[in-house]
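Visitor: Below: sequence and its predicted model.
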Amino acid sequence: MKNSGETSYSSALETVRNLKKKYGNTWRAINSENAARMATQNRFKTGLDIAKYTAAIMRKDMAEYDADPSNYTQSLGCWHGFVAQQKMIAIKKHHKTTNKRYLYLSGWMVAALRSEFGPLPDQSMHEKTAVSSLIGEIYDFLRQADAIELNDLFRRLENGEDVRDEIDNFETHIVPIIADIDAGFGNEEATYLLAKKMIEAGACAIQIENQVSDAKQCGHQDGKVTVPHEDFIAKLNAIRYAFLELGVDDGVIIARTDSEGAGLTQKLPVSKEPGDLASQYLAFIDAEEIAIEDVRQNDVLLKRNGKLVRPVRLANGLFRFREGTNIDRVVLDCINSLQNGADLLWIETPTPNLGQIADMVNRVREVVPNAKLVYNNSPSFNWTLNFRNQVYDTMVAQGKDVSAYDKNNLMDAEYDNSELCRIADEKIRTFQIDGAKEAGIFHHLITLPTYHTTALHMNDLTKGYFGEEGMLAYVKGVQRQEIRKGVSCVKHQRMAGSDLGDDHKAFFAGDNALKAGGEKNTSNQFEINKKVGKRELVPIN
């Protein structure tokens, strides 16, 4: 599929030829074909170009999901540009298209892996600009993936292969990023300024949560403090103004509510008339009925249903919500966000239970019929245990015999091939498909997958490399797998841009260019061209 709005080789070639005519002999050393090739290999000139292009993709995908919920989208969290690049290269290789595949930028991973303070918890303590810098870095790597793949195609074209159609219909590695702005890193002006930086770097979708900025916690930890709706609306407005100022009219705002697991608020909003947003928020506050003569000095009081009540206030000054109000608060948060400029919702949940998610979404859809979720398929969930427990409970409810299972030990490997665990694994496998159809989940993401895969792979490699396997641990477990699976970075010099740079140097310096890709380049060892039976192995490049 040709990417609309991008520079085509033909139009770039015409532009350069016209410029050469205009500037005459002083441009004689500029080769029109080379210049057009370079322009084609860098189809997105700025982050704003990317944001506009990817915002249109997301809007199209959202409309297609509304028409058919099997058209859900997916992403994986990436903490480095190289990780994002290899992900998208692998997607194109295995699935032949990047359609409906995005990237996720997690504030948790920025804090844990990208802060100059060192590893930090997910509490908005990292530098604000670390987020926008990572967005820019990711798109630099994706643009490089475009340039490298197109450069290979142009080399093949020069060698006489008919690949012009592949060049003209090249599918870019550039895809939407859903970027985490946490709770906005300050007041609404701070949110606006950071949103601009993120959009300028290429973000078309910004996710913001309804926690207090200076008390922000990871969505899967305790101690979360939410803000009144009026405060959150101001930040939604700030992000929309940032999109509009920069000309990204289709920019997407994802409103996250942490109310399911949050039991505290920092301040009490001012109600101006009965039933307004502030009064609805205040109705959730835990309070005790009190007589006027029992009021203490400096107490905060409310009038509720004709009675005087005193909100429960903790020693740190925070106010507590009433027990059992969390789901009602989630639903109100979601409806209010969608009615005030948000495009998508994010409900942070304690477990991946589709029935519970669907119950909340269906309540929202009674008011906003096209409400859609971005859902965190979080590594904070013990997916194996959660689904084994769900299946166990279902089997008990159906009257099935569960005497072969110890409910308190379902993680045990001895159960892995049992009927219960096979059913649980199948539910995990179809979780995203089922969630899209049953729970309004438009986008499924895993926030921290590459954090965990990096740790897992280093665990496995170091066990063998520093043990008896020695170098065989690397060769057998890494390089041999890269070669046989055609992983792009097995030729790491090429992946870092060496071949691309050689061609550029030839454009600039002609025969005087000092190239790296000659006979003594050890990457040539990875060129394979051996026939095995009737099948020919092509070079891995």
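Guide: Now that the structure is in, tell me what you want to look at. Predicted model only: the values in this text are computed from it and were never measured.
Visitor: wouldn't Gln390 be in contact with Lys427 here?
Guide: Yes. Taking C-beta atoms under 8 Å as the definition, Gln390 is a contact partner of Lys427 at 7.2 Å. No exception for glycine: its C-beta is placed from N, CA and C like everyone else's.
Visitor: quick one, longest helix in this structure?
Guide: helix 129-158 (DSSP state H).
Visitor: and the next element down the chain from that helix?
Guide: Downstream of helix 129-158, the next assigned helix or strand under DSSP states H and E is helix 164-168.
Visitor: Just the buried residues of stretch 128-141, please?
Guide: For stretch 128-141, the neighbour count (16 or more other C-beta atoms under 10 Å) marks 128, 130-139, 141 as buried.
Visitor: now these as TSV including distance to Asn362?
Guide: What follows is the buried residues of stretch 128-141, written out as TSV (distance: C-beta to C-beta, whole Å):
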residue	distance to Asn362
Lys128	37
Ala130	38
Val131	33
Ser132	36
Ser133	40
Leu134	36
Ile135	34
Gly136	39
Glu137	40
Ile138	35
Tyr139	37
Phe141	40
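Visitor: Tell me, please, where in the stretch 401-541 of the chain the pLDDT is lower than the cut-off.
Guide: By pLDDT under 70, the low-scoring segments of the stretch 401-541 of the chain are 490, 513-541.
Visitor: residue ranges for the helices of it, please.
Guide: 419-429, 431-438, 449-465, 471-474, 480-485, 492-495, 498-509 (DSSP state H, counting those that start in this stretch).
Visitor: tell me which strands and helices the fourth one is in contact with?
Guide: Here helix 471-474 is seen to pack against helix 449-465 when contacts are counted using 3 or more C-beta pairs under 8 Å, 6 or more residues apart in numbering; DSSP states H and E.
Visitor: Run through who's touching the helix it packs on.
Guide: Here helix 449-465 makes contact (C-beta atoms under 8 Å, 6 or more residues apart in numbering) with 76-80, 83, 109, 112-113, 379, 470-474, 477-478.
Visitor: pLDDT below threshold where in the protein?
Guide: For the chain, applying pLDDT under 70 flags the ranges 1-7, 122, 213-223, 490, 513-541.
Visitor: Quick check: most distant residue from the centroid of it.
Guide: What lies farthest from the middle of the chain is Glu293; by C-alpha atoms, centre = their mean that is 55.0 Å.
Visitor: and that one, how far is that from Val300?
Guide: According to C-beta to C-beta, to the nearest Å, Glu293 and Val300 sit 17 Å apart.
Visitor: For Thr97, which non-adjacent residue is closest in space?
Guide: Distance criterion C-beta to C-beta, 6 or more residues apart in numbering; nearest residue to Thr97, sequence neighbours excluded, is Glu171 at 6.4 Å.
Visitor: That neighbour contacts Arg101, correct?
Guide: No. Glu171 is beyond contact range of Arg101, at 11.2 Å (criterion: C-beta under 8 Å).
Visitor: distance of the closest residue to Asn382 other than its chain neighbours from Asp276?
Guide: Distances taken as C-beta to C-beta, 6+ apart put Met411 closest to Asn382, at 7.7 Å, once the chain neighbours are dropped. Going from Met411 to Asp276 by C-beta to C-beta gives 48 Å.
Visitor: next one: Ile177
Guide: Distance from Ile177 to Asp276, counting by C-beta to C-beta: 36 Å.
Visitor: more crowded one of those two?
Guide: Neighbour count, other C-beta atoms under 10 Å: between Ile177 and Asp276, Ile177 has more, with 28 against 15.
Visitor: what sits against that one?
Guide: 54, 102-105, 135, 138-139, 202-205.
Visitor: partner residues bridging it?
Guide: Beta bridges link Ile177 to Leu103, judged by DSSP bridges.
Visitor: any idea how far it lies from Ile335?
Guide: Applying C-beta to C-beta to Ile177 and Ile335 gives a distance of 27 Å.
Visitor: Same check on Gly263?
Guide: Relative to Ile335, Gly263 is positioned 21 Å away (C-beta to C-beta).
Visitor: and the residue nearest the centre of the chain, what does it touch?
Guide: The residue lying closest to the centre of the chain (C-alpha atoms, centre = their mean) is Tyr104, at 1.1 Å. Tyr104 sits next to 75-78, 177-178, 180, 445-447 when contact means C-beta under 8 Å, 6+ apart.
Visitor: 7 Å instead?
Guide: When contacts are counted by C-beta atoms under 7 Å, 6 or more residues apart in numbering, Tyr104 touches 75-77, 178, 445, 447.
Visitor: Go through these and flag which are in strands.
Guide: Among these, the members found in strands (DSSP state E) are 75-77, 178, 445.
Visitor: among these, which two are most distant?
Guide: Using C-beta to C-beta, the pair of these lying farthest apart is Leu76 and Ile178, separated by 11.0 Å.
Visitor: and for the two, which residues touch both?
Guide: When contacts are counted by C-beta under 7 Å, 6+ apart, Leu76 and Ile178 have 104, 445 as shared neighbours.
Visitor: Mind checking which of the two has more residues around it?
Guide: Between Leu76 and Ile178, counting by other C-beta under 10 Å, Ile178 is the more crowded of the two (26 against 22).
Visitor: Quick check: closest non-adjacent residue to that one.
Guide: Nearest residue to Ile178, sequence neighbours excluded (C-beta to C-beta, 6+ apart): Ala205, at 4.5 Å.
Visitor: The one you found pairs with what?
Guide: The partner list for Ala205 in beta bridges (DSSP bridges) reads Ile178, Val252.
Visitor: All the strands of the stretch 1-150 of the chain, in order from the start?
Guide: Taking DSSP state E, counting those that start in this stretch to define them, one finds strands in the stretch 1-150 of the chain at 73-77, 101-105.
Visitor: Nearest to Ala358, out of these?
Guide: Among the strands of the stretch 1-150 of the chain, the nearest to Ala358 by C-beta to C-beta is strand 73-77 (18.6 Å).
Visitor: Taking helix 431-438 as reference, get the angle to the closest one.
Guide: On the basis of axes from the mean of the first three to the mean of the last three C-alpha atoms, to 10 degrees, strand 73-77 is oriented at 140 degrees to helix 431-438.
Visitor: What residues does the closest residue to Lys100 other than its chain neighbours make contact with?
Guide: Closest residue to Lys100 apart from its sequence neighbours, by C-beta to C-beta, 6+ apart: Thr73 at 4.5 Å. Counting by C-beta under 7 Å, 6+ apart, Thr73 touches 61, 100, 102, 442-443.
Visitor: From start to finish, how long is stretch 27-37 in a straight line?
Guide: Taking C-alpha to C-alpha, to the nearest Å, stretch 27-37 runs 17 Å from one end to the other.
Visitor: Tell me which residues are up against stretch 120-137.
Guide: By C-beta under 7 Å, 6+ apart, the surrounding residues in contact with stretch 120-137 are 47, 81, 105, 107-108, 110-112, 114-117, 177, 179, 181-183, 185, 194, 197-198, 201-203, 213, 216-218.
Visitor: And for stretch 419-438?
Guide: Applying C-beta under 7 Å, 6+ apart, the external contacts of stretch 419-438 come out as 69-70, 72, 74, 352, 354, 358, 375, 383, 387-388, 391-392, 395, 405, 415, 441, 444.
Visitor: Distance from the chain centre to that stretch, please.
Guide: Distance of stretch 419-438 from the chain centroid (C-alpha atoms, centre = their mean, to the nearest Å) equals 22 Å.
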